[in-house]
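Trainee: my questions concern the predicted model and sequence given below.
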Amino acid sequence: MADAAVKQGPAAEVEQELTDGFHLVIDALKLNGVETIYGVPGIPITDFGRMAQAEGIRVISFRHEQNAGYAASIAGFLTKKPGVCLTVSAPGFLNGLTALAHATTNCFPMILISGSSEREVVDLQQGDYEEMDQLAIAKPLCKAAFRVLHAADIGIAVARAIRAAVSGRPGGVYLDLPAKLFGQVMDATAGKKSLVKVIDAAPAQLPAPDAIKRALDVLKGAKRPLIILGKGAAYAQADDAIRSFVEKSGVPFLPMSMGKGLLPDTHPQCAGAARSTVLAQSDVVMLIGARLNWLLSHGKGKTWGAEPKKFIQIDIEPKEMDSNVEIVAPVVGDIGSCVNAMLAAMGTWPAAPADWMKTVTTKRDENVAKMAPRLMNNNVPMDYHGALGVLRTIVKERPDAILVNEGANTLDLARGIIDMYQPRKRIDVGTWGIMGIGMGYSIAAAIETGKPVLAIEGDSAFGFSGMEVETICRYKLPVCIVVFNNDGIYRGTDVNSVSSDPAPTVFVKGARYDKMMEAFGGVGVNATSPDELKRAVNEAMDSGKPTLINAVLDPAAGSESGRIGNLNPQSVLRKK
Ligand code: ADP
Ligand code: TZD
Ligand code: MG
């Protein structure tokens, strides 16, 4: 609370405690358990950051708002509480907006709080400093957007923002705070009374008993059942219930990228290494916190085989049902409640059909055996498999470290090769396949979990947020970045045959990203072999010192667009 006191009245000398917009926002956030704010300072929020820090909120100051926004979004995913990002008006707001849209798309709870210019001037379009109608621009990109004009409304606005972000399907919320609001003064007692502590921000949503019965009947009747665990299942933090349910059902499971580790990838029921087989051959598929979007080929087409499937879907969002194909057993509710209701209603459950389990495990073991020798290669320059073989072992030995991953080949191959052992330890490009999450995610993961972070980054992917290595050094975070340096996007071998300009997909050859880390006092290592890579990563993970390892990869090792080259449109005019 502000302790400014003014004397009022002539002789009576009544002392009135005052507070202001700055402090009301801070108090409202603190009252609701917000411990960290990610952002970039400037007019009109510079003092807000200082005051928030002075009041005990951790303020993590970034070099670019997009990275602060991504940090807030993944903080939301990791903690089930809205991650808060703070930006300045117009350009700062726009820089943060990509992350807000990303949070909404990925169903992560986040609040973007942005300062804005004076309403009177903005609405008459008279050219204020950083003028922009931010509320209107944010609206279509988030779950809810609010503007506060009166200090007395701050408490309600923050409460609404929190509730909107975490209840139902989580997502991004925008809170617009015009400069004038921060300086507005009100009586401190009335101010305190105006704050709202949100009770039960994300209420349990119980599934209907007949929906549970319908789903279990369909699953029981399956000859070749499959469970798909998405990042919604990881977000739900119902880890024990999910594990019990999967194990009691005996059904093979396929984790989506960020669902990996809910049950270990080495679990006997894990079908991760038999993905194509289980998608094509299953007859009943139960989706838990996963959407039938492009990542699952929309539930139809060649990937899903010739025979029709029956889909069961557990999701908190009723509108998600039938979005791509018919869902024969929709179960609407929060995953914890739904899975617990399933467990309670299962009774004695038959073992999964033996011939199906045999098909799955045979295929899986075959694929794992095929991959094994490639992961042990000691080639110089390194290829993806040699480098990832080493990192795979390191993650196995350090299962509680957080793995951040982005790139094309660097992403697709790391996802397949590196086994995860614990829930919410793998965070990556998400629903959009977005580049640029790397450093923001690494910073938030280190701060929110206190665990060491290993970021495996394509050289292009790293470039989107690379300047934040300074932030990592400044806050002394235990982040080890491995840049898979293949001189470019997908490959470093493209040649422009018509001019001296480089081809659009290639970068400076032999670049030394490790020097960037050294510039800020961190550890830089140039690794040219799997052995060197292994030594450097282990050292970094042991010391907790900010480290960047430039892993020199064969520029010819990757393929165009990694695993999703099929999504590129084709031109009939292009010479092959
Ligand atoms: P993936 O990319 O891993 O397949 P998606 O992001 O497509 O996962 O799907 C996540 C789904 O999880 C969303 O449809 C979202 O509504 C749902 N979801 C998120 N949190 C919960 C929850 N607590 N309970 C139920 N469903 C949830
Ligand atoms: N911009 C944004 C924001 N997201 C994107 N996904 C892209 C551009 C396009 N893109 C990809 O889809 S992957 C990628 C880009 C630019 C980089 C791939 O190169 P890399 O990884 O060096 O990170 P590999 O290992 O060389 O394939
Ligand atoms: Mg590359």
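Mentor: Arrived safely. Ligands and ions are numbered 1, 2, ... in the order given.

Trainee: can you name the residue of the stretch 251-400 of the chain nearest ligand 3?
Mentor: Scanning the stretch 251-400 of the chain for proximity to ligand 3 using Cβ to the ion identifies Tyr384 as nearest, at 10.1 Å. Any C-beta I mention is one placed from the backbone N, CA and C, and that applies to glycine too.

Trainee: excluding its backbone neighbours, what's nearest that residue?
Mentor: Leu413 (4.6 Å; Cβ to Cβ, 6 or more residues apart in numbering).

Trainee: select the longest helix from the protein.
Mentor: For the chain, the longest helix by residue count, based on DSSP state H, is helix 354-375.

Trainee: other SSEs contacting the helix or strand just after it?
Mentor: Using DSSP states H and E, the helix or strand that follows helix 354-375 in sequence is helix 384-397. With contacts defined as 3 or more Cβ pairs under 8 Å, 6 or more residues apart in numbering; DSSP states H and E, the packing partners of helix 384-397 are helix 354-375, helix 409-417, strand 453-458, strand 479-485, helix 530-543.

Trainee: report the angle between the axes of the very next helix or strand once past helix 384-397 and helix 409-417?
Mentor: Following helix 384-397 in sequence order, the next helix or strand is strand 402-406 (DSSP H and E). Relative orientation of strand 402-406 versus helix 409-417 (axes from the mean of the first three to the mean of the last three Cα atoms, to 10 degrees): 140 degrees.

Trainee: do strand 402-406 and ligand 3 meet?
Mentor: No: using Cβ under 5 Å from the ion, we find that strand 402-406 stays clear of ligand 3, coming within 10.7 Å at best.

Trainee: now do that strand: distance to the chain's middle.
Mentor: 10 Å (Cα atoms, centre = their mean, to the nearest Å).

Trainee: please tabulate the helices and strands packed on helix 384-397 in a markdown table, including the columns mean pLDDT.
Mentor: As requested, these are exported to a markdown table (pLDDT from 0 to 100):
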| stretch | mean pLDDT |
| --- | --- |
| helix 354-375 | 97 |
| helix 409-417 | 98 |
| strand 453-458 | 99 |
| strand 479-485 | 99 |
| helix 530-543 | 98 |
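
Trainee: on that earlier part again, show me the contacts for the residue of the stretch 251-400 of the chain closest to ligand 3.
Mentor: Counting by Cβ atoms under 8 Å, 6 or more residues apart in numbering, Tyr384 touches 409-410, 413, 484, 553, 557-558.

Trainee: rerun that using 7 Å as the cut-off
Mentor: Neighbour list for Tyr384: 409, 413, 553, 557 [criterion: Cβ atoms under 7 Å, 6 or more residues apart in numbering].

Trainee: tally of neighbours for the residue nearest to Tyr384?
Mentor: The tally of other residues near Leu413 (other Cβ atoms under 10 Å) stands at 24.

Trainee: next one: Ile549
Mentor: 26.

Trainee: where does it fall, phi/psi-wise?
Mentor: The phi and psi values for Ile549, taken as degrees, to the nearest 10, are phi -110, psi 120.

Trainee: look up phi and psi at Met321.
Mentor: phi -60, psi 140.

Trainee: wait, doesn't it sit right on Val331?
Mentor: No: contact criterion Cβ atoms under 7 Å: Met321 and Val331 do not qualify, at 9.1 Å.

Trainee: common neighbours of these two, please.
Mentor: Common neighbours of Met321 and Val331 (Cβ under 7 Å, 6+ apart) are Gln313.

Trainee: give me the secondary structure label for the residue nearest to the spatial centre of the chain.
Mentor: When Cα atoms, centre = their mean is applied to the chain, the residue found nearest the centroid is Ile74 (4.2 Å). Using DSSP: H, G, I helix; E, B strand; the rest coil, the secondary structure recorded for Ile74 is helix.

Trainee: check it and give its pLDDT.
Mentor: We have a pLDDT of 99 for Ile74.

Trainee: check Gly510 too.
Mentor: Gly510 is assigned a predicted lDDT (pLDDT) of 96.

Trainee: and for Val40?
Mentor: Value listed for Val40 in the pLDDT field: 98.

Trainee: okay, now the unreliable bits of this protein?
Mentor: Filtered on pLDDT under 70, the chain yields the residue ranges 1-14, 575-576.

Trainee: count the neighbours of the residue of it found nearest ligand 1 for me.
Mentor: At 1.9 Å from ligand 1, Gly232 is the closest residue in the chain, using Cβ to the nearest ligand atom. When neighbours are counted by other Cβ under 10 Å, Gly232 registers 26.

Trainee: switch to numbering from 773
Mentor: In the new numbering, first residue 773, that becomes Gly1004.

Trainee: just so I know, which of the helices and strands packed on helix 1156-1169 lies nearest Asn1340?
Mentor: helix 1181-1189 (14.6 Å; Cβ to Cβ).

Trainee: could you identify the helix or strand that succeeds the closest one?
Mentor: Using DSSP H and E, the next helix or strand after helix 1181-1189 towards the C-terminus is strand 1198-1200.
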